[in-house]
Structures are given as structure tokens and as C-alpha cells.
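Enquirer: Give me coordinates for this.
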Amino acid sequence: MSSGIIDNFWVIVSAVLVFLMQPGFMCLESGLTRPKNSINVAIKNIADFVFSVLGFWLIGFGLMFGLSRWGVIGTSCFMPEFDDNFHLMSFFLFQTMFCGTATTIFSGAVAERMKFSSYLQVAVLLSAIIYPVFGHWAWNGLDSGSTAGWLGAAGFVDFAGSTVVHSIGGWVALAALIVIGPRHGRFGKDGKPVTFPGNDLPLSVLGTLLLWIGWIGFNGGSTLSMDARVPGIIVKTIIAAASGAAFCLFIGYIVNRISKITFLINGSLGGLVAITACCHSVTIPESVYIGAVAGVLCLAVEEILFHYRIDDAVSAVPVHLGCGIWGTLAVALFGDPQILGTGLDFISQVRIQLTGIIAACFAGFIIPLLIIKQINRISPLRVSIEEEEIGLNVSEHGAKTEAFYFLRVMQAQELTGDLSLRVPADPFSETGVIAARYNKMMDALQQMGARFQRLFEGSPQAVVSTDNGGRILQANKGFETLFGYPAAGVAGAHNMDLIVPENLRLEAATLRQAIVSGKAIEKETKRMHKSGRLIPVSILGFPILINNLIEGVFFIYQDITERKILEDQLYRKAFYDSLTGLANRALFLDRLRQTLKRQRRNKQLHSAVFMIDLDRFKWVNDNLGHQAGDTLLKKASHRFLSCVRSMDTIARLGGDEFAVLLEDISDTKQIIAIAGRIRNETARPFMLEGKDVQISASIGIIMDTGSYIRADDILRDVDIAMYRAKTTGKSRFRIFGKKLKQMTHDALQLENDLKTALGKKQLTLYYQPIVFSKTGRLKGFEALIRWEHPIRGIISPSDFIPVAEENGQIIPIGQWVIETACRQLKAWHDRFPDCEHLTISVNISIQQFSHNNLQKIVETALKDTGLAPHCFMAELTESAAIDNPEAVIGNLNRLKQSGIKIAIDDFGTGYFSLTYLKNFPLDFLKIDKSFVNDINRDHENLEIAKAIITLAQNLDLQVIAEGIESNAQLETLQGIGCDFIQGCYFSKPLNSHDAESLIIEEKHKKQKKGF
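Expert: Next up is the predicted model:
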């Protein structure tokens, strides 16, 4: 250190600037912590400086800068008197401020939870021993310019103390934080940090700016002389601080999507700490980079602390320890070797800097952690949770603020229940304003209490309060009205003795026990009027809590007689059939599910299920009216009930469909006997509208439900068995077994395969020729769909079209047929121009007719393929046409507008009304092949064919006869004037290639005939 007056004066000025860091740290900590600890913050900030100065003078200065022994510890200069040594006093003053800074770093981290006495112990340990010992290793000889400490002698550089001051303070803070733990409530149950509101963030900003000023002396004064280096050092110090603040704010906003003031505070301080070790030996751009990394490092280290639930009140560890380590490494990474003057190469400099960091960890963390743990075992370092909640202002220093008196009054109100107590309120202080508001709230609370009493007394519901033993304390007028006992005369009586029926006393005792254990109970039950009459009531019971102790019970009773009556009615509507009084589907399924549960618990239980369908019920509705149908259902229900046991369930599932559940029955003969009785009872005539009406029942049976898991599966299978009974002759029963199950499985497999058949291109079209009956010339083709199943081979449309119609797949399949047929015919037209008269016929399902997009599908197919509309003919079966003739006529008229031809297929097999026929926009009638088969042997078939042709001629329609298999049939149809024929006599259905060959053959015949 130079002995010049200017240099010493600069060191003193710098010491004063560093001293400004003490109020800076106090403002920073006060602003970030809660008001209830503000006095404690102020006291310990001044105390740590006071004790650090004394401790450093007593032994610290000697340990740090005294005559070195082995480069480890100083052995002289304890309690120095200086002897008017101006230079030594200046140096001591400067280093004392550094020691105070290290102590204050620890002070801020452990704020709001540590006892003042415990804090002083650690502060003295830090300032008098830990800081000086490590300072000796790094800086001994600094005053004389010749390093004697083992770290300094090895080339370790820490210009102004990133490690010596800041890392040491940060390491000790981390050790203390680990031992004392986080503030109460700082981390939630999920481990996430809970933000504590700061006392005054602008005050924290003021503290930060004071620290910036202090750092000018901190770094600038570390030259120990006023020379040309000082301005550059100060500039680089400020630049690094600004860079740290900017980058911390930027990265913090990206991660959190919010700009926190603490990002600027911590980032700037982190930049200051990081540049401290190397501000004399780096360039300004390098200072920017060092500060930027420090800003990001502050955020990263803070997240690490949160992960391990370490609660640093002012982020001292991220700022001073994290950035101090980085600044120490930056010496080797960026420092100019000539300025450093250590004579080490890059790798050696990095190695000694890392050694210094590790040594600081040992001296500032590992050893202090062991010491602090031992102190904590002897005398706990932190205050109790109660003291922490009250605040250290009161618990540690007895400082009775307005807030203290506020809390005292609140505590008295809690203990006594006296809501008339009020808080003294000074209208000229912030706490006084809050106290005034609190007093107004208490006024309102008193009013609420009065209103509650009026509500208790005037409530129409019966309200009674009892002690924990059930003795009535108070009852209202509603209690008197509901139960007949005078409200004023029941006090002291036991509630159970007055209103609880004998058979419900155990239930009432259980309810009371649950309530006095802290639970609120809501239950519907019955209570007894003074007259002995039972009343359905809803009970709400909850404990009366006073000072967290259960002092009694409130019961609120409401008469629910009317609601119970309504619920019974709704239950009947929800679970019983309104017409027959039998169980409905919902109740049947519920009982079936309960049966399955019992069977799973007890494998010895067996049950059976019937599904019953009334044959000819539709005939009764259609011919005798719906009223007769309802009468039939009611009478049939009564007969079914007479056939089963009282424990069995009969349900009406809907329409004329019934189900029977026979519980706990395993005798096969008995099950069959019950089914036989039901069938026989149904076969007996029913008197309806004065007439005997004969019906029958088709019954499906599942003999044992034990193999089922789901009730819905049982209904599915028994329905299959019933349907089988109906389709094989009616008035019989069928048992669901392996054969039916296989049939069902095959049908289901077929349905599943059909869902992918179109996508996998398994569907194809065959084309059966339609020819002129007199000339045999080709008129066109009927497109017939086939399914080329990969396993089952060719599947006839009669096997899969009904399935497609049932599950709705007929719509996409039908659209595909229309598009494919149009595309194929157009291809033939284009290839054979002289065959443009050929037509294509497509069968249209009734489901397609009901589909709103049929006309659009046809028109789109014609437009996309370019096929002329008159070459396309839609065929609709007679049975489909007469099912809903008005709707069909409307759809056909819309289709007709597209210009296509329309034919009725299978004509003569239904009951087509001639009235409707003349209104249908038809072009062709197709005589069903059933009339053609025996047309030469059956005179009746011949006459029907003649009649159809005559009818068609009168309506200006043309006739196509299907199923021609012989020349004799052809000649007969030619003789009676049939226009066109179709059948295997001329050609079986052909694939597209063979159909094309037939067109070519037709063309050649034509050409030959032309020659």
C-alpha cells in the first residue's frame, strides 16, 4: 500500500463509500421482509456491523493480516493501537468495512426466523474467525504488496473479494439456512414456494442503489491507491451491474412471463459481485459478459434453492455465493495475465482459482455447518412458530407497536368471545387506519350476531342447540310448531327422550357421536311428535366450535312429509311402467345387476331370464286400436304375474316386450314349466272390445346367468333367443345356447367384416343384361352387388344387404354402387359410341330413399362421370314403396327431376294400391320371377302377368320380366306383350370384363346384320 497522502485519502473515502453498503443492505432487507420484523432487521443490521468491527479489531485483523505462520494464520497485530500509523489505520478502516459486508450478507439471508442471540453468535464467529482466516489465505501481505497466505502465494487472485467477502458470507449463510430451515409457510404442501409480500419494494430499490454507490468504493478502493486504474474499475463495475440487471430481467420475463422488480435488484447485485474479483484485469465488453452470466446465474441458483426448500429471505446465496464463485472463475477465464501478474498459464490459473473456491467452501460452509449444528443442538437457533407468527419485533425485542396492540385485542376477543372490545385507532398512522376499519368490521359482526339470534328464534325450521351430552340448551318456535313441545319448557331435557322413536335411538346416538367428533351430518330419518306421530324429517347437525373446542351441537329439523310423498311418486314413475304397474327396464336391469353381484359372491346361487314378445300385438293395435292394445298389455301382465313366484321380477321393457328374472332357481324343469305356463296363459283368448282375440308369445330363455358379467349382455342374448323363437314359428320358446351363440357370433363377425369391406375393395359389381323380348337385342344391364370375402368367398347380397340396412352402412355402400355403375356404363359408352343407348339399373334401398342426400348422390355421380341421366334407372321394391307411399312419392318426384328412369321391382308380390300407383312417377314395372317360374303351368300366374302388362300399357309404362330361364317362358311373355326380359336364359350376372365381351359380341352381330 502506498504511503502517499492522496492514496491514503482515497482509501478512507472508499471505506466511507463501502460503509454506505450497510444502510443499503438494511434498506434492501427491510423492503423485502415483512413489517412485523422491520425493527429486528434494523437492530441486527447495526448490531452485525458493531460486532464485526469489534471482532475484527480484537482478533480478526491479526488473524488476517498479522505475521503469517505457514501461510495459514496470522500471529500478530491483535487489538492493534496503530501508533499514529496513518497508512495502517487507513488500511484497517477499509478492511473493517469489508468484514462488516461479509457479516451483513449472512444477516439478510437468515432474516425473519433466527433468534437475535443466535444470530450474534454466528455473526461473531464469521467476522472474528471464519472471514479473517480465509482472508489470511488469500490476502495476507496485501498491505505490503507481498502475498504470504498460501492461496495468494500460489497465484490466487480475488481483487476486491468475490470470494473473500461475498462467497464467504454466502457460504456461511447457506450453512445457517440449512440448519434453521425455511420460514413457516414459505413452501406449500406441494413444495412450491409461497411468496411473502415485501414491506416496501421502493425501499429495497433505494437500498440497491446505495449498494451501487458502496461498490464504487468497494472495487475502486481495492487499488489501495488513487491511480489511473480507478476510473476504469468503476466504469466496469457499473457496466457489469447494468448488464446483470438487464439479462436477469430478460430471462426472468421469458421464464415467468412477468417483470419482477427482484429480477433487477438481484441481477444488478449479482453483476456487481461477479465483477469484483477481476474488475482491474478485464475489458469493458468482458465486463458486460461477466455481468450477463451473473444475472442468469441468480435465477438458476434461486431455482435450485427452491427445489431443496432452502429459504433465503433476500436471495443472498444466489447473488453473493453463486455470482461470487462465477466472478472468481472469471479471473482465470478473462483476466489479462500481465495485469494479474501471477506468472501462471491459463490452466494453472484456472486450477488455483478452483482451489480457492473449494477452500472457501471448506472454511465458509463445511466447518461452519458443523459448528452451527452443534450450537443448534445446545441452544436452538430459531424462534418458535408462534414467535415467528407474532413477529420478531415483539418476540425478540419487545417492541410494542400499534400492530402489537392490535393483535392483543384480537387475542382477547378470541379468548373471551367479547365482540364489544375495540382496538385503539390512531387516525394518523397506517395501522391506525386499518384498526379503525377493523373496529367497523367488528361493529358489523356484532350486528350479524344479533341478526343470527333473531334468525334462530324466527326460523320456520325447528332449531335446537344441545350440550355434548344431548341436553337441550335452547329451542326455537319452529321446534315447538313441528314437535308440539313448548320451546321455553324444553331447556334441560334430553333431546333423545323427547323426539327420537325407540327404534331409532341407536341411530340418533351414532349421529351425535359423529357430530361431537367434529363432523357435520346431514340425514333424512323420522322423528316423533309429542302425540306419538312419526314425522319424516331432514336433519342437519353440526358442532358448535368455541376456541377450537366443541362445546355443543346444533340440530336443524325440516318437515319433508310432502317431499317424501312426491319422491315416492317419482320413484314409481322412474322405475315402474305406468300402464301395467310392472317394473320398467331401469329397475329390471338394476335387479339383474344385483343378482349378478350376489352370484359372484356365492357361486351356489343360480338365476334365469326370459324375454317375452307378444305375437300379433301389432295386428291388435292396427285393427282394434291402441286402447285395445293397452288393455291387452295390462291383462297379459296380470297373467304373467300368476305364472311366477312372488320373489321373481317381471318387467315391461317397452311396447309388447316383457322380461322375467327368476332368482335363486336352478331346477331346469321348473324353469321350463314356468315358460310353458306363460306361453299357455298367453294363448288363452283375451276379451277385447267385446271379442275374443287369440294371440301367442315368443319366449327367449337364458337358463343360468352365472357365466355373465354384464346385465346388458344377458338382455342381448335372451333377445336373440326370443327373436329366434319368433322367426321359427312363434308361440314357442328358444333357449340361448352354443348354437345360437355361434349364429350370433357369425352374424356379428359378418357385420364387423362389412364395415371394412368397402375400404378394402372387397365389394364388386356384376352386370345382368336386360334385352328386348322380341329381338333379343341388348337394352342395358342391372348392376348387382357381390361381396368377395377373403375367407368365405362370394357372399350373396341377400346375406349382407339386410345387415347393411340395419346398421346404416347401406348409405355409403349404395353411394358406391351408384357411382361405380355410372362410371362403368360411361366407360362402355366412350369405348363403343354406337352403344350409347345402353342403360344401367341400380337397386335403391328404402333407407337410401329416406336419406336426404339421395338426389344429390345421383346427380353428383351423373355429373362426375358424364353419364346421360336417361341412361340411369333407379329400382325400388314394391314392398318398400308401399311402406310409406306419400314419402316415397315425394322422393321419387325429386329424383325424376334429375332426368333418370324409375322402376318398381318385384311388382305383384305386395299389396300395391292402384291409387298410389298412378301417382308414382314410374317408367317401368318389373314382374317378379315368382310369377315367371310357373307361367306355363300355373294359369293364375299367367293371368297375373297379363294383368300387370295390361296395367302398365294403360299407364304408359314398360314391363321387364325377371327370372327367364327357358325358351317357353320367353315365348309366352313375348305373346302377352312383355317389353323386356332378364334372366339366366339370356345371361347370368357377369363381371365387368365378361359384360364388355357381351357388348362387343352384340356389336359384331349388329355389324354382320348390316352387311
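
Enquirer: Could you identify the helix or strand that succeeds the helix or strand containing Q749?
Expert: Element membership of Q749, judged by DSSP states H and E, is helix 738-757. Downstream of helix 738-757, the first helix or strand assigned by DSSP H and E is strand 763-772.

Enquirer: Let me see the residues that make contact with that next one.
Expert: Contacts of strand 763-772 from elsewhere in the structure, counted by CB atoms under 8 Å, 6 or more residues apart in numbering, are 757, 777-788, 813, 816-817, 820-821, 824, 839-841, 960, 979-982, 986-992, 995, 998. For glycine as for every other residue, the C-beta is placed from the backbone atoms N, C-alpha and C.

Enquirer: Please enumerate the helices of the stretch 601-750 of the chain.
Expert: Counting by DSSP state H, counting those that start in this stretch, the stretch 601-750 of the chain has these helices, from start to end: 617-624, 626-643, 668-683, 711-727, 738-757.

Enquirer: Could you pull out the buried residues of the first one?
Expert: Counting neighbours by 16 or more other CB atoms under 10 Å, one finds that the buried residues in helix 617-624 are 617, 620-621, 624.

Enquirer: tell me the angle of that helix relative to helix 626-643?
Expert: Computed with axes from the mean of the first three to the mean of the last three CA atoms, to 10 degrees, the direction of helix 617-624 lies at 140 degrees from that of helix 626-643.

Enquirer: Show me what helix 617-624 packs onto, helices and strands only.
Expert: For helix 617-624, the packing partners by 3 or more CB pairs under 8 Å, 6 or more residues apart in numbering; DSSP states H and E come out as helix 626-643, strand 691-693.

Enquirer: Can you tell me which of these is most buried?
Expert: Looking across the helices and strands packed on helix 617-624 with neighbours counted as mean count of other CB atoms under 10 Å, the highest average goes to helix 626-643: a mean of 17.

Enquirer: Burial check on F106, number of neighbours?
Expert: With neighbours defined by other CB atoms under 10 Å, the count for F106 comes to 31.

Enquirer: so it is in which element?
Expert: Using DSSP H and E, the element containing F106 is helix 86-109.

Enquirer: Report the distance from that helix to the chain centre.
Expert: Between the centre of helix 86-109 and the centre of its chain there are 57 Å (CA atoms, centre = their mean, to the nearest Å).

Enquirer: rewinding a little: would you list the helices of the stretch 601-750 of the chain in TSV and tack on distance to N45 and mean pLDDT?
Expert: Rendered in TSV, the data for the helices of the stretch 601-750 of the chain read as follows (distance: least, CB to CB, whole Å; pLDDT from 0 to 100):
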stretch	distance to N45	mean pLDDT
helix 617-624	96	85
helix 626-643	92	92
helix 668-683	93	90
helix 711-727	76	87
helix 738-757	80	71
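
Enquirer: can you tell which of those is closest to G267?
Expert: The stretch from those with the least distance to G267 (CB to CB) is helix 738-757; that distance is 63.0 Å.

Enquirer: For stretch 171-191, give the distance from the opening residue to the closing one.
Expert: 24 Å (CA to CA, to the nearest Å).

Enquirer: circling back: which ones among the contacts of strand 763-772 lie within helices?
Expert: Where the contacts of strand 763-772 overlap with helices, as defined by DSSP state H, the overlap consists of 757, 813, 816-817, 820-821, 824, 992, 995, 998.

Enquirer: which of the residues you listed lies closest to L534?
Expert: Among the ones in helices among the contacts of strand 763-772, and counting by CB to CB, the member closest to L534 is I813, at 66.0 Å.

Enquirer: can I assume the closest one is in contact with K755?
Expert: No. Shown here, I813 and K755 do not form a contact pair, counting by CB atoms under 8 Å, at 10.6 Å.

Enquirer: So if I had to pick from those two, which one is more boxed in?
Expert: Neighbours were tallied for I813 and for K755 using other CB under 10 Å; the higher tally belongs to I813 (23 against 11).

Enquirer: contacting residues around that one?
Expert: For I813, the contacting residues are 758, 763, 785, 804, taking CB under 8 Å, 6+ apart as the criterion.

Enquirer: do N941 as well
Expert: Contact criterion CB under 8 Å, 6+ apart gives 930-935 as the residues in contact with N941.

Enquirer: Next, name the residue at the spatial heart of this protein.
Expert: For the chain, the residue sitting closest to the mean C-alpha position, by CA atoms, centre = their mean, is D190 at 18.3 Å.

Enquirer: Check the burial of L970 by counting its neighbours.
Expert: By other CB under 10 Å, the burial measure for L970, its neighbour count, is 22.

Enquirer: Could you verify my assumption that it touches I981?
Expert: Yes. Contact status for L970 versus I981: in contact at 6.3 Å, counting by CB under 8 Å.

Enquirer: Buried among the ones in helices among the contacts of strand 763-772? Make that a ChimeraX selection.
Expert: Buried members of the ones in helices among the contacts of strand 763-772, identified by 16+ other CB under 10 Å, are gathered into one ChimeraX selection as follows:
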select :757,813,817,820,821,824,992,995,998
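
Enquirer: And the ones in helices among the contacts of strand 763-772, which is closest to A945?
Expert: Taking CB to CB as the measure, A945 sits nearest to L998 out of these, at 26.7 Å.

Enquirer: pLDDT at the closest one, what is it?
Expert: Confidence at L998, expressed as pLDDT, is 90.

Enquirer: From here on, call the first residue 858.
Expert: With 858 as the first residue, the last one maps to L1855.

Enquirer: Spit out the contact partners of the closest residue to C1692 other than its chain neighbours.
Expert: Distances taken as CB to CB, 6 or more residues apart in numbering place I1856 nearest to C1692, at 5.9 Å, with adjacent residues excluded. Contact analysis of I1856 by CB under 8 Å, 6+ apart lists 1635, 1685, 1689, 1692, 1695.

Enquirer: And the residues you listed, which of them are buried?
Expert: The neighbour-count criterion (16+ other CB under 10 Å) marks 1635, 1685, 1692, 1695 among the contacts of I1856 as buried.

Enquirer: Which two among these are spaced furthest apart?
Expert: For these, the maximum inter-member distance is 10.7 Å, found between L1635 and W1685 (CB to CB).

Enquirer: Check the contact lists of these two and give me the overlap.
Expert: The contact lists of L1635 and W1685 share 1692, 1695, 1856, where a contact means CB under 8 Å, 6+ apart.

Enquirer: A1293 is in contact with M1299, correct?
Expert: No. With the criterion set as CB under 8 Å, M1299 and A1293 do not qualify as a contacting pair; they are 10.8 Å apart.

Enquirer: and stretch 1669-1685, what's its mean pLDDT?
Expert: Averaging the model's pLDDT scores along stretch 1669-1685 yields 92.

Enquirer: how far out from the middle of the chain is that stretch?
Expert: The chain centroid and the centroid of stretch 1669-1685 are separated by 47 Å, computed with CA atoms, centre = their mean.

Enquirer: re earlier: could you single out the nearest of the contacts of I1670 to M1504?
Expert: Out of these, the one with the shortest distance to M1504 is A1661. That distance is 44.3 Å, counting by CB to CB.

Enquirer: Appreciated, that's everything.
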